[in-house]
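Student: coords please:
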Amino acid sequence: MHMRKVAHRGHARKFPENSKAAFRAALELTCDAIELDIHLNAAGELIIYHDYDFEAQHKLYTLKEYLVDIAPYTESLIEIKAHPEHRTHVEIKQTCDALDDLLTKHNHLNFRLLCFQHEWLKYLKEKNSAYNCVKNFYETETINENEASCLDAFSFNIKEYQTSALELGRKLNKQLMFWTCNTKKQIAEAVAQKADYIMSDDIRLISC
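Tutor: Numbers count the residues shown, from 1 in each chain. Below is the predicted model of the structure:
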């Protein structure tokens, strides 16, 4: 598979991140995939927003709308973000069930699900083995082979990452992703590491 270009929160260099305008601009720039962030709000809707003050925002774009407007035209990557207060097992399942229910209705689309929380990805994989689950690694985080069995890809911060986790990903033949590559030097580093996916705020910087 050739290297894929991933638009980080859409074309975030020019438009408000995670907005419909940013997503459409990314499509016009022929990205291979779009990364976005979702939360579950108090009304039970999956909304697209990065930070944790999402309940105070108005007229946010919903994942349901995205699945109709944008997702059919690109491989879609979704990053699941946990609210700081939502750390219990019950809350994790609630959010994952809401996501699973919605994606099941759009199962003709191709999704890769990114998350920092390994237990979320494991749960989703158990719900649907067809999900392509991508583990976002914290800078000093590692993993063992048993924990990696539910994962299809490893994703790393290009600025700092644990080389042992990267080496394990290669050993297990997992796809590799690096984020957020916003300089030519960072992109060159990702290419040197044989990245399958390179994520950037401005995918015009990436040449395949």
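Student: only C-alpha atoms from now on, for both contacts and neighbour counts.
Tutor: Fine.
Student: could you point out which element follows the worst-scoring helix or strand of the chain on mean pLDDT?
Tutor: Lowest on mean pLDDT, DSSP states H and E among the helices and strands of the chain sits helix 89-105, with a mean of 76. Remark: after helix 89-105, the chain's next helix or strand is strand 111-115, criterion DSSP states H and E.
Student: what's the following helix or strand after the longest strand along the chain?
Tutor: Longest strand in the chain by number of residues (criterion: DSSP state E): strand 33-40. Per DSSP H and E, the first helix or strand lying C-terminal to strand 33-40 is strand 46-48.
Student: could you say what helices and strands that following strand packs with?
Tutor: Applying 3 or more CA pairs under 8 Å, 6 or more residues apart in numbering; DSSP states H and E, one finds that strand 46-48 contacts strand 33-40, helix 63-69.
Student: as JSON lines, the ones you listed with distance to residue 19, mean pLDDT and mean neighbour count would be great.
Tutor: Shown next, in JSON lines, are the helices and strands packed on strand 46-48 (distance: least, CA to CA, whole Å; pLDDT from 0 to 100; neighbours: other CA atoms under 10 Å):
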{"stretch": "strand 33-40", "distance to residue 19": "9", "mean pLDDT": "93", "mean neighbour count": "24"}
{"stretch": "helix 63-69", "distance to residue 19": "10", "mean pLDDT": "96", "mean neighbour count": "16"}
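Student: so which of these gets nearest residue 153?
Tutor: Among the helices and strands packed on strand 46-48, the nearest to residue 153 by CA to CA is strand 33-40 (14.5 Å).
Student: and the closest one, which strands flank it?
Tutor: The pairing partners recorded for strand 33-40 under DSSP bridges are strand 4-8 (parallel), strand 46-48 (antiparallel), strand 75-80 (parallel).
Student: between the longest one and strand 111-115, how many degrees?
Tutor: This points to strand 75-80. Angle of strand 75-80 versus strand 111-115, following axes from the mean of the first three to the mean of the last three CA atoms, to 10 degrees, is 30 degrees.
Student: hmm, who's touching strand 75-80?
Tutor: Residues from elsewhere that reach strand 75-80, judged by CA atoms under 8 Å, 6 or more residues apart in numbering: 32-39, 109-116.
Student: and if we set it to 6 Å?
Tutor: 33-38, 110-115 (CA atoms under 6 Å, 6 or more residues apart in numbering).
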